[in-house]
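Novice: Quick one: sequence plus predicted model below, questions after.
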Amino acid sequence: MKALFQFKTLTVLVCALFMATMVMAQDKKPASPHLSAKGTAAGANISIRYGSPYVKGRKIWGGLEPYGKVYRAGADSATTFTTDKDITVEGKALPAGKYSFFVIPVEKGKWTVIFNKTAEQWGAYEYKEAQDQLRVMVTPKKHKMSESLTYVITKSGFSMNWDKISIPVSIK
């Protein structure tokens, strides 16, 4: 009888622990949620898929993301940019297709924006410049504080906004 009581008690404890773990797992938010932005720019359907990291009190530009190095423009997998029509980005042609999207931040001056033909890749670890479809230069702008990285698509292009910086990219 005592053994049966101990077995039932152990079973109840295991079930309670399992349920508590499940509840905690459901409440936990991912460190960098995976999001997408969709819209129309210059008559093309644009989709940007990205991981959205948070500032969390860190120095982002020139700190977490060093100047002069290729950045995946999001978290986890490289950000992807898809257009269903040929477009002109900052005055240069970009054929319809799916690309990985990178930026090279600099402390002062224009940032390099990259559309790379290898659309699916983890971060920028295997990035190859030889696979670039297009590189353009854009001028960053000061922006109201954006705790999480976000993309906004408008009729005339898109922007990547994070921390106190906005990277506007024009599309025609």
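Specialist: Nice, I can see it. Numbers count the residues shown, from 1 in each chain.

Novice: beta partners for residue 168?
Specialist: Per DSSP bridges, the residues bridged to residue 168 are residue 159.

Novice: give the contact list for it.
Specialist: For residue 168, the contacting residues are 138, 139, 141, 157, 158, 159, by C-beta atoms under 8 Å, 6 or more residues apart in numbering. For every residue, glycine as well, the C-beta is placed using N, CA and C.

Novice: Can you select the buried ones from these in ChimeraX?
Specialist: Typed into ChimeraX, the line below selects the buried ones among these, using 16 or more other C-beta atoms under 10 Å:
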select :138,157,158,159
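
Novice: of the contacts of residue 168, closest to residue 132?
Specialist: Distance to residue 132, by C-beta to C-beta, is smallest for residue 138 among those, at 15.2 Å.

Novice: Spit out the contact partners of that closest one.
Specialist: For residue 138, the contact set (C-beta under 8 Å, 6+ apart) comprises 90, 110, 111, 113, 167, 168, 169.

Novice: Now that we have these, which of them are buried?
Specialist: 90, 111, 113, 167, 168, 169.

Novice: Adding distance to residue 57 and pLDDT, write the residues you listed out as a markdown table.
Specialist: Output for the buried ones among the contacts of residue 138, formatted as a markdown table (distance: C-beta to C-beta, whole Å; pLDDT from 0 to 100):
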| residue | distance to residue 57 | pLDDT |
| --- | --- | --- |
| 90 | 33 | 98 |
| 111 | 23 | 98 |
| 113 | 27 | 98 |
| 167 | 22 | 98 |
| 168 | 26 | 98 |
| 169 | 28 | 98 |
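
Novice: I'm done for today, thanks for sticking with me.
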